[in-house]
Every structure is written in structure tokens, then in C-alpha cells.
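Q: Here's a sequence, model it:
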Amino acid sequence: MKHIVPSLLLCLSSLIAAERVEIWTSADLKTSAASLTSEAEARSIAGKTLGSWGNHSASLWRRAKSGEAELHKTKIDLIVVEDGAATLVTGGGIPDAHTTQPNEVRGSSIRGGVSRKIGPGDIIRIPPGTPHQFILEKGQTIAYFAVKLAAR
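A: As a prediction, the model looks like this:
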């Protein structure tokens, strides 16, 4: 009996803690990204959430226009550029900053940031509290996979 209880507790804890493995194939992602193209052209940006799991989420995005400046107070952005190109401006400040929801700030531009060209295969980590903005030239688009992680 003294060996059964610990074994039973171990089995129960592994069942409770177990999560489902999720796989998005390359073909699935290409189909999803392609479906975002017309929506992005119509609205400037389109996204699809692949999943959300407590402290993190994953999504696909396509932009057909420059975005707003943004800052996430409690989230880290991890971005993998899949297609297209843009200039990513990071750092500096957002002169007309306004809160759009708890811990989320937006504005029209960044002042005093650093500009970098980004393209397919680039991986970007944006720490919490860092202003960032995608700038696209006319006719340019960018598609990327993004993971949002809660900061510690």
C-alpha cells in the first residue's frame, strides 16, 4: 500500500498536467497565410490565432500597410518573418501614446527609435515595454508567425 499511493499520485499528476501536442504543418500554414492576403489588402492587417494557452499564444499575421506604434507592458513578442519585408522600428517613445486595453499602448508613430530592415527567415524578440512599429513602403507586404509570451 505504501508504494501504491505515491505511484497513483504520480499517475494522476501526469494526467492533470498533460496537454495535447499541436502541430501546424507547412501546408496548413501556407493555406492559412494565403487566406489572410485578401483580408490584409482590404483592412491593412489580418491575423489568425492558432491557439492560446494561459501564458502564451501563437498567431499568423499579414500586413499590407504600416501599423500603429505599439507597446505591450507585460508580453514578449517572438516573431518569425515568413514572407515579404518591412522596416521594424523599435525603442524610443510613442508621442501620442494611449492605452487601448489593460497593459497595451498604441500610437501613430515612434520618435527616437532604431530602424532595421527585416525579411524572410528573420527572428525577432521584442521585450515587454519596448515600443515597436512595422513600416511598409507602398505595395510592400509582410507575413509573420508571432508568439506572445507573458513576461515573468
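
Q: and Asp122, what does it touch?
A: The neighbours of Asp122, taking Cβ atoms under 8 Å, 6 or more residues apart in numbering as the test, are 80-81. Just so you know, the C-beta spots here come from the backbone N, C-alpha and C atoms, and that holds for glycine as well.

Q: Test my guess that Thr87 contacts Ser115.
A: Yes - in this structure, Thr87 is within contact of Ser115 by Cβ atoms under 8 Å, at 5.2 Å.

Q: Start from the N-terminal end of this protein and give the helices.
A: Assigned by DSSP state H, the helices in the chain fall at 4-17, 26-43.

Q: who's more crowded, Thr87 and Ser115?
A: Neighbours of Thr87 and Ser115, each counted by other Cβ atoms under 10 Å, are more numerous for Thr87; the result is 16 against 13.

Q: so what's that one up against?
A: Contacts of Thr87 were listed using Cβ under 8 Å, 6+ apart, and they are 115-118, 134-136.

Q: Tell me where the model's unsure across this protein.
A: Applying pLDDT under 70 to the chain picks out residues 1-18, 37-43.

Q: 90 instead, please
A: Applying pLDDT under 90 to the chain picks out residues 1-47, 152.

Q: For Ile45, give me its contacts.
A: The contact partners of Ile45, taken as Cβ under 8 Å, 6+ apart, are 61-65, 67.

Q: one more time with 6 Å
A: Going by Cβ atoms under 6 Å, 6 or more residues apart in numbering, Ile45 touches Arg63.

Q: what about it, distance to Arg111?
A: Distance, Ile45 to Arg111, using Cβ to Cβ, to the nearest Å: 22 Å.

Q: again with Val81
A: In terms of Cβ to Cβ, Val81 sits 25 Å off from Arg111.
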